[in-house]
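let me see the structure of the following:
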Amino acid sequence: MPDLSTNLAGIQSPNPFWLASAPPTNSGEQVQRAFDAGWGGAVWKTLGNPIVNVSSRLGSVDYGDRRMIGLNNIELITDRPLDVNLREIAEVKKRYPKHAVVVSLMFDTRDEWREAIRRSEDTGCDGLELNFGCPHGMCERGMGSAVGQEPKVLEELVRWVMDVANVPVIAKLTPNVSHIEDPALAAVRGGASALSLINTVQSVMGVDLDRLVPLPRVGNLSTHGGLCGPAVKPIALRMVGVLARDPRVTVPISGIGGISTWRDAAEFLALGATNVQVCTAVMHHGYRIVEDLIDGLDAYLASKEMKSVSELVGRATPAFVEWGELDLNHHVVAKIDAATCIGCQLCHVACHDGAHQCIHLPGTPAHAGHVAPMAKFAAERARAANPASPYRVPWVDETECVGCNLCALVCPVEGCITMVEQRRASAKDTWHDRMATGRDHVPGGLKDLR
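Residues are numbered from 1 along each chain as shown. Below you'll find the predicted structure:
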């Protein structure tokens, strides 16, 4: 059986699945139930100076029959008394010594940070997470993403913390920046032990078209909030991957953002995260989902003959490169399996209206300007005349197919459309290669202006 235990900058955990700092970690009673369910660690809902939350504070995006593919919140940090939180943190750590208990903090002045760190460490916690990501409410007070978007300020604040901290310190980053490397490297320079990302993405969830007020509605007003859930997973994966491949990022990464299944978790691990944190999926389905996360990851590692989670960490990172390093001679074309095609012709519509006009209906030639091979055209006409044949099966003009994948993505039948490799040339050729040899240089272009 694979070893699921992890070590994030010295913070030990029985498995890589932590609860992120959020409503599911708002109290000791909740965290204890989570640990009983199987979660390996928890980052406590952020502690700070007293705040007052609004009501309502959540909104969601549904798609088809799927509820809450994106969750927006305008909730702030904990509104429970600091003394109560600290007492409960100490109780949880005492009862669950082998689980990771991390305290999330957000304060303003240097003295406040020092006092909060001292009191947090007195609970016996395993580490601290610095919340530099909250995109609403707290940033207007000069905290949260207001710090995460200012690398110099972030670096200085991390130094404040590292001067007094005696446990590992994780810097939680905001995705609301142009280049995630900037705040990440600032945190590394400041001495952070690890990074966690992403926090929520600035968003407006929707509009109540009856009242003409954005959602979630607070009286007759609203504001932007933070988006999380499955909708942000691609953004989070990209940012984790960018930092994991950067040799200047010399600390481990805790991956956050839209993780709902063991596959999601495995993808974050493969792109360089040492462990993962989960929030929205728990708010949607409860703590019990950790059973599937553990079982699924365990089975996957075993199927790949990996003995531990650490063997998966970063395995996909070398394959995540800049566009200019991709092979321009790698080429694929679409193949439609007539035996499994149901004749919905979605591929034809998508290709003609949204892609490159290379998929055609049976009995018709290619679009104007392109001549279909007459033999294929005749065969399609004959098949259309035969009632026993799959007469609604489209065909692909391979000479025009660019291999964009759109047809395979819209096809409702798994495996009906496949992308088959047909290389343009045997040798690898990249845009970087072309630039290096002057084959892609346009005189007077932007390159000459730089």
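
dump the residue contacts of the residue nearest to Gln277 when sequence neighbours are not counted.
Leaving aside its chain neighbours, Gln277 sits nearest to Ala20 (3.8 Å; criterion: Cβ to Cβ, 6 or more residues apart in numbering). Bear in mind the C-beta positions are built from the backbone N, C-alpha and C, glycine included. Neighbouring residues of Ala20 by Cβ atoms under 8 Å, 6 or more residues apart in numbering: Val43, Ile256, Gln277, Val278, Cys279.

what sits against Trp44?
So Trp44 contacts Ser21, Thr25, Val31, Asn85, Ile89, Val101, Val102, Val103, Ser104 (Cβ under 8 Å, 6+ apart).

tell me the pLDDT at the fourth one?
Okay, so that is Asn85. pLDDT for Asn85: 98.

now swap in the third one and tell me
Model confidence at Val31, given as pLDDT, is 98.

Gly438: neighbour count?
Using other Cβ atoms under 10 Å, Gly438 has 7 other residues around it.

renumber starting at 24 from here on
All set: I'll call the first residue 24, so the last point we hit is now Gly461.

most neighbours of all the contacts of Ala43, which one?
Counting by other Cβ under 10 Å, top hit in the contacts of Ala43: Ile279 with 32 neighbours.

does it really touch Leu218, like I thought?
No. Between Ile279 and Leu218 there is no contact under Cβ atoms under 8 Å: 10.3 Å.

any chance you could list residues touching both of the two?
Common neighbours of Ile279 and Leu218 (Cβ under 8 Å, 6+ apart) are Lys195.

ok, back up a step: now, the most widely separated pair of the contacts of Ala43?
Spanning the widest gap among these are Val66 and Val301, at 10.5 Å by Cβ to Cβ.

name the residues contacting each of the two.
With Cβ under 8 Å, 6+ apart, Val66 and Val301 have common neighbours Trp41, Leu42, Ala43.

filter the residues you listed down to the ones in helices?
Among these, no member falls in helices (DSSP state H).

how about the contacts made by Gly229?
Taking Cβ under 8 Å, 6+ apart, one finds Gly82, Val84, Pro237, Leu238 in contact with Gly229.

for the chain, where's the lowest mean pLDDT among helices and strands?
helix 397-408 (a mean of 48; mean pLDDT, DSSP states H and E).

what residues does the helix or strand following that one touch?
Downstream of helix 397-408, the first helix or strand assigned by DSSP states H and E is strand 418-419. Strand 418-419 has contacts (Cβ under 8 Å, 6+ apart) with Val356, Ala357, Lys358, Ile359, Cys381, Ile382, His383, Pro385, Lys399, Glu403.

partners of strand 418-419 in the sheet?
Sheet pairing of strand 418-419 (DSSP bridges) gives strand 382-383 (antiparallel).

show me the shaky parts of the stretch 174-323 of the chain.
Low-confidence segments of the stretch 174-323 of the chain, defined by pLDDT under 70: none present.

which stretches of it form strands?
Here the stretch 174-323 of the chain has its strands, by DSSP state E, counting those that start in this stretch, at 192-196, 217-220, 224-226, 229-231, 236-238, 248-251, 276-279, 298-301.

output the longest one as PDB, nothing but the C-alphas.
In this case it means strand 192-196. Listed in PDB are the C-alpha atoms of strand 192-196, where the atom choice follows Å, rounded to 0.1, in the frame of the first residue of the first chain:
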ATOM      1  CA  VAL A 192       5.300  29.700   7.900                       C
ATOM      2  CA  ILE A 193       3.200  29.400   4.800                       C
ATOM      3  CA  ALA A 194       2.500  32.500   2.600                       C
ATOM      4  CA  LYS A 195      -1.000  32.200   1.000                       C
ATOM      5  CA  LEU A 196      -1.000  34.100  -2.300                       C
END
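
who are the packing partners of it?
Packed against strand 192-196 by the contact rule (3 or more Cβ pairs under 8 Å, 6 or more residues apart in numbering; DSSP states H and E) you find strand 150-155, helix 174-187, helix 204-213, strand 217-220.

check the fifth one too.
Here strand 236-238 touches strand 229-231, going by 3+ Cβ pairs under 8 Å, 6+ apart.

cutoff 10 Å now
Under the contact criterion of 3 or more Cβ pairs under 10 Å, 6 or more residues apart in numbering; DSSP states H and E, strand 236-238 touches strand 81-86, strand 229-231.

redo those as CSV? Include distance to Ser143.
Formatted as CSV, the helices and strands packed on strand 236-238 follow (distance: least, Cβ to Cβ, whole Å):
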stretch, distance to Ser143
strand 81-86, 28
strand 229-231, 37
